[in-house]
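# Make a model of this:
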Amino acid sequence: MDLSEYYKKSYNKEKSLITITWKPATDRMSDTGFKAVLIEILDTIKIERPEFYLANTQHFLFTIVPELQDWANKYFVHEIYQLGVKKMGVVVSADLFAQVSIEQVLSDDGSGMQSAYFPSVEKAENWLK
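Numbers count the residues shown, from 1 in each chain. Here you go, the predicted structure:
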């Protein structure tokens, strides 16, 4: 499954920062596609071991249903914290329903990882230092 239509990832070793930029095609992403993207990102984190994670969700148009929120929290958020991610900055989505579903994934994570929401990539990057 080619997932590049849904997101782009980059890793800055010097800053120990992985950046995930979600694309507008997420409006047609399936639950299975969403899980596959998170698994692919998790695989990169297992290799690179970044301390900081930036999720640019400005164009994230997929609404994460409650069951999927629970899955993402348990199998992604907790796991990346265990792998050494200390802080997650989220650039907010223009889509209200998508944004609320993202916040619900992170609000109950209980991992101890710091997370915060920002209106721009620049503000998120400044916080992720």
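
# use CA for all of it now, contacts and neighbours both
Fine.

# I'd like to know which elements the lengthiest helix in the chain is packed against.
In the chain, taking DSSP state H as the definition, the longest helix is helix 31-48. Applying 3 or more Cα pairs under 8 Å, 6 or more residues apart in numbering; DSSP states H and E, we find helix 31-48 packed against strand 7-12, helix 66-72, helix 78-82.

# quick one: contacts of the first one?
Contact partners of strand 7-12, identified using Cα atoms under 8 Å, 6 or more residues apart in numbering, comprise 17-23, 37, 41, 48.

# and those, which two are the farthest apart?
23 and 48 (22.7 Å; Cα to Cα).

# For the most centrally placed residue in the chain, what are phi and psi?
Central residue check for the chain by Cα atoms, centre = their mean: the C-alpha nearest the mean position is that of residue 55, 4.4 Å away. Phi and psi for residue 55, reported as degrees, to the nearest 10, are phi -110, psi 110.

# What residues are bridge-paired with it?
residue 20, residue 90 (DSSP bridges).

# Return the distance of it relative to residue 100.
Distance of residue 55 to residue 100, given as Cα to Cα, to the nearest Å: 14 Å.
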